[in-house]
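K.L.:
Build me a model:
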Amino acid sequence: MPVLIPISTFFIGCHGLIALGLSYRVAMERTRTRIWHGASLSEVASQPNYLEHPNAWAEFVERMTQQSIVTKNMEEGVLQRTIRAHGNFTEYVPLSLASYS
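P.N.:
From the prediction side, this is the model:
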(Lines give C-alpha, C1' and ligand atoms only; values in the text may rest on other atoms or scores of the structure.)
Protein backbone atom coordinates (compact mmCIF):
# COMPACT_ATOMS: atom_id res chain seq x y z
CA MET A 1 0.00 0.00 0.00
CA PRO A 2 1.59 3.29 -1.07
CA VAL A 3 2.07 6.03 1.49
CA LEU A 4 0.49 9.24 0.27
CA ILE A 5 1.54 12.71 1.37
CA PRO A 6 -1.35 14.60 2.96
CA ILE A 7 -2.55 17.40 0.72
CA SER A 8 -1.93 20.00 3.44
CA THR A 9 1.74 18.93 3.67
CA PHE A 10 2.05 19.29 -0.10
CA PHE A 11 0.62 22.81 -0.07
CA ILE A 12 2.75 23.86 2.90
CA GLY A 13 5.85 22.67 1.03
CA CYS A 14 4.85 24.52 -2.14
CA HIS A 15 4.24 27.73 -0.22
CA GLY A 16 7.62 27.30 1.48
CA LEU A 17 9.29 27.29 -1.94
CA ILE A 18 7.37 30.41 -2.94
CA ALA A 19 8.49 32.11 0.29
CA LEU A 20 12.08 31.19 -0.52
CA GLY A 21 11.72 32.75 -3.97
CA LEU A 22 10.23 35.96 -2.58
CA SER A 23 13.00 36.20 0.02
CA TYR A 24 15.59 35.80 -2.74
CA ARG A 25 13.99 38.59 -4.79
CA VAL A 26 14.05 40.97 -1.81
CA ALA A 27 17.69 40.11 -1.06
CA MET A 28 18.73 40.67 -4.69
CA GLU A 29 16.86 43.99 -4.88
CA ARG A 30 18.49 45.16 -1.64
CA THR A 31 21.89 44.16 -3.03
CA ARG A 32 21.23 45.94 -6.32
CA THR A 33 20.04 49.18 -4.72
CA ARG A 34 22.47 49.05 -1.75
CA ILE A 35 19.62 49.80 0.69
CA TRP A 36 20.18 47.39 3.56
CA HIS A 37 17.67 48.73 6.12
CA GLY A 38 14.31 50.29 5.40
CA ALA A 39 12.67 50.60 2.01
CA SER A 40 13.83 53.93 0.58
CA LEU A 41 16.83 56.24 0.53
CA SER A 42 15.05 58.77 2.75
CA GLU A 43 14.70 56.13 5.49
CA VAL A 44 18.41 55.34 5.44
CA ALA A 45 19.85 58.84 5.03
CA SER A 46 21.12 58.96 8.61
CA GLN A 47 22.75 55.52 8.52
CA PRO A 48 26.52 55.29 8.06
CA ASN A 49 27.96 54.27 4.71
CA TYR A 50 29.90 51.11 5.45
CA LEU A 51 31.64 51.21 2.08
CA GLU A 52 33.48 54.51 2.71
CA HIS A 53 36.30 52.79 4.63
CA PRO A 54 35.72 49.06 4.09
CA ASN A 55 37.78 46.30 5.65
CA ALA A 56 39.28 43.55 3.50
CA TRP A 57 36.21 41.32 3.72
CA ALA A 58 33.83 44.15 2.77
CA GLU A 59 36.04 45.05 -0.22
CA PHE A 60 35.98 41.43 -1.39
CA VAL A 61 32.20 41.14 -1.05
CA GLU A 62 31.64 44.47 -2.81
CA ARG A 63 33.93 43.48 -5.68
CA MET A 64 32.16 40.13 -6.11
CA THR A 65 28.76 41.77 -5.92
CA GLN A 66 29.66 44.35 -8.55
CA GLN A 67 30.72 41.55 -10.88
CA SER A 68 27.70 39.32 -10.34
CA ILE A 69 24.77 41.74 -9.93
CA VAL A 70 23.60 43.87 -12.79
CA THR A 71 23.19 47.35 -11.38
CA LYS A 72 20.82 49.59 -13.25
CA ASN A 73 19.18 52.90 -12.55
CA MET A 74 17.15 52.70 -9.37
CA GLU A 75 13.51 52.60 -10.28
CA GLU A 76 11.32 54.24 -7.68
CA GLY A 77 9.24 51.78 -5.73
CA VAL A 78 10.67 48.43 -6.87
CA LEU A 79 12.22 47.68 -3.50
CA GLN A 80 9.07 48.76 -1.67
CA ARG A 81 6.91 46.51 -3.87
CA THR A 82 9.14 43.47 -3.41
CA ILE A 83 9.28 43.99 0.37
CA ARG A 84 5.51 44.41 0.52
CA ALA A 85 4.87 41.31 -1.61
CA HIS A 86 7.07 39.24 0.71
CA GLY A 87 5.42 40.82 3.76
CA ASN A 88 1.89 40.15 2.52
CA PHE A 89 2.83 36.56 1.75
CA THR A 90 4.28 35.95 5.21
CA GLU A 91 1.28 37.61 6.88
CA TYR A 92 -1.58 35.89 5.08
CA VAL A 93 -0.36 32.50 3.87
CA PRO A 94 0.10 30.99 7.36
CA LEU A 95 -3.45 32.05 8.25
CA SER A 96 -4.88 30.44 5.13
CA LEU A 97 -2.83 27.25 5.55
CA ALA A 98 -3.83 26.93 9.22
CA SER A 99 -7.49 27.00 8.28
CA TYR A 100 -7.06 23.99 5.96
CA SER A 101 -4.94 21.72 8.16
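
K.L.:
What mean pLDDT does the strand or helix carrying Gln66 get?
P.N.:
Using DSSP states H and E, Gln66 sits within helix 56-68. For helix 56-68, mean pLDDT rounds to 78.

K.L.:
now do stretch 86-101
P.N.:
For stretch 86-101, the mean per-residue pLDDT is 83.

K.L.:
neighbouring contacts of it?
P.N.:
Defining contact as Cβ atoms under 8 Å, 6 or more residues apart in numbering, one finds that stretch 86-101 is touched by Ser8, Phe11, Ile12, His15, Ile18, Ala19, Leu22, Ser23, Arg25, Val26. For every residue, glycine as well, the C-beta is placed using N, CA and C.

K.L.:
mind redoing it with 6 Å?
P.N.:
With contacts defined as Cβ atoms under 6 Å, 6 or more residues apart in numbering, stretch 86-101 is touched by Ser8, Ile12, His15, Leu22, Val26.

K.L.:
Filter those down to the buried ones.
P.N.:
Ile12, Leu22, Val26 (16 or more other Cβ atoms under 10 Å).

K.L.:
on that earlier part again, how about the contacts of stretch 86-101 in CSV, adding distance to Ala85?
P.N.:
Below are the contacts of stretch 86-101 laid out as CSV (distance: Cβ to Cβ, whole Å):
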residue, distance to Ala85
Ser8, 24
Ile12, 19
His15, 14
Leu22, 6
Val26, 8
